[in-house]
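Novice: using only what follows, build the 3D model:
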Amino acid sequence: MEALEDVSPEMFEIIDEEGMVIGLASRQACHSNPSLLHRVVHVLVANEAEELLLQKRSAHKDIQPDRWDSSVGGHLHPGEDWKRAAEREMREELGIEGENLVPLHIYPWRTTRESELVRTYLCRNNGPFHPNEKEITEIRFWTLEAIRRHLGDGTFTPNFEEEFTRYLQWKGWRIHA
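Specialist: Just a heads-up that it's a prediction; the model follows:
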């Protein structure tokens, strides 16, 4: 007998403005209805030279395909906490462990398409990395100056540009040199 493929939709917890879970909705519903606030975790991976590892999103991604983005990003599974989600996403996307995660910030990200509550961590890691080829086209380390030069030109996802601004503020640096 042939095994049946699981076709159930990926479900996300819907939260209120205080972060309390108030329900569940499918990935498709969350990515097409900005009133459905859901949780997302991002990780910025920095090497010893203070460069940031960025990933180029696959052409098959439903949001922001073919653009450079945070090192790691993903949705929390129902019942999952932020740190566990960050560790899982690091394994799934880059094949690395998150033993040295430093919490950076938490903020709401809203577009006309979706609303997310984002928690961002920093991880120091020089590799090696094993990117998930289904989700990631390319990875590479970028200098902070190279990132600054490309802000606003469509190279990066808008949410990464927000992440980068917050990262520089966290470091106590200015956005423009």
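Novice: please name the residues that touch Gly19.
Specialist: Contacts here follow C-beta atoms under 8 Å, 6 or more residues apart in numbering; on that basis Gly19 touches Arg39, Leu117. The way it works is simple: take the backbone N, C-alpha and C, and place the C-beta from them, glycine included.
Novice: for the residue nearest to the spatial centre of the chain, what are its contacts?
Specialist: Geometric centre of the chain, nearest residue: Gly73, 2.1 Å, by C-alpha atoms, centre = their mean. Applying C-beta under 8 Å, 6+ apart, we find Gly73 in contact with Val40, Val41, His42, Val43, Glu89, Glu93.
Novice: residue boundaries of the helices in this structure?
Specialist: Secondary structure of the chain (DSSP state H): helices at 27-30, 82-94, 144-150, 158-171.
Novice: got those helices as a markdown table, with mean neighbour count and mean pLDDT columns?
Specialist: Output for these, formatted as a markdown table (neighbours: other C-beta atoms under 10 Å; pLDDT from 0 to 100):
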| stretch | mean neighbour count | mean pLDDT |
| --- | --- | --- |
| helix 27-30 | 16 | 94 |
| helix 82-94 | 20 | 96 |
| helix 144-150 | 15 | 95 |
| helix 158-171 | 18 | 94 |
